[in-house]
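Asker: Below are the sequence and a predicted model for it; my questions follow.
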Amino acid sequence: MRRTSGSDSQIFLSELEKEYFEWLCLLADFQKSGTVRHTNLAKTLYSVVFEHFVPNDDNRAEDGKNLRQLFSQTKGYSNISKQLNKECSVLEMLIALSLHMDYIIEHPPSQSIVARCFWEMLDNLGVSLYDDKTYFGLAHQQVLNNIKKLLSRQYRVTGEGGLFPLRSTKKDQRKVELWYQMQAYIEENY
């Protein structure tokens, strides 16, 4: 797990990468309700590489890295993937998964729920409560611990402690790729 102390100069390779990070934060609504900021949480999620070992979770990493191309197209840049030649971050993976959830869940066409899906996953992971006013010391360590549990699949068989906890399951969710965990979660909750 790649870690940083949190300063911008250690997290971002360039001004372009910082702009990309800010774009990701807008997609996920890291400034919920206009007053509560979660910048430190976002930086932590961005600084940790999405490591995976369950078959096909590499697709989630590719989805996350594909956000770089979407950013490039949106901003009119040439593809920044070459400039950000690094592994997919946990933040990128979560936002890409939120985009998929938004597409799958039925809701009015004019209403995007990407941010809602994103924050629901962070709630399930147990890290959403750490805003910038409370994000220091033990909170930072708790976030890192919860991310480590997610990446190493050290949560309950039902998915509790991960992104997609289920009330009822016949499969050990720790061995199920994230895509199918998401599908089962949507089916059970939506």
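Answerer: Yep, that arrived.

Asker: only C-alpha atoms for contact and neighbour calcs from this point on.
Answerer: OK.

Asker: Specify which residues of the protein, grouped into ranges, have pLDDT under the cut-off.
Answerer: 1-10, 32-35 (pLDDT under 70).

Asker: Next, the residue in it sticking out farthest from the centre: phi, psi?
Answerer: Centroid-distance maximum for the chain: residue 170 at 26.0 Å, with CA atoms, centre = their mean. Here is the backbone geometry of residue 170 (degrees, to the nearest 10): phi -100, psi -10.

Asker: Then residue 89?
Answerer: According to degrees, to the nearest 10, residue 89 has phi -90, psi 160.

Asker: I'd like the distance from the longest helix that the chain contains to the chain centre, please.
Answerer: For the chain, the longest helix by residue count, based on DSSP state H, is helix 58-75. Averaged C-alpha coordinates place helix 58-75 at 13 Å from its chain's average position (CA atoms, centre = their mean, to the nearest Å).

Asker: Could you list the residues in contact with that helix?
Answerer: With contacts defined as CA atoms under 8 Å, 6 or more residues apart in numbering, helix 58-75 is touched by 20, 23, 50, 52, 78-81, 87-89, 92-97, 178-179.

Asker: Just the ones in helices from the residues you listed, please.
Answerer: 20, 23, 92-97, 178-179.

Asker: List just the nearest of those residues to residue 57.
Answerer: residue 178 (6.4 Å; CA to CA).

Asker: measure the closest residue to that closest one other than its chain neighbours to residue 175 for me?
Answerer: Sequence neighbours aside, residue 57 is the residue nearest to residue 178 in space, at 6.4 Å (criterion: CA to CA, 6 or more residues apart in numbering). Relative to residue 175, residue 57 is positioned 11 Å away (CA to CA, to the nearest Å).

Asker: on that earlier part again, what about burial for the contacts of helix 58-75, which qualify?
Answerer: Among the contacts of helix 58-75, those buried by neighbour count (16 or more other CA atoms under 10 Å) are 20, 50, 52, 80, 88-89, 92-97, 178-179.

Asker: and those residues as CSV, adding distance to residue 119?
Answerer: Listed next are the buried ones among the contacts of helix 58-75 as CSV, based on distance: CA to CA, whole Å:
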residue, distance to residue 119
20, 20
50, 18
52, 21
80, 26
88, 19
89, 17
92, 14
93, 13
94, 10
95, 10
96, 13
97, 12
178, 16
179, 17
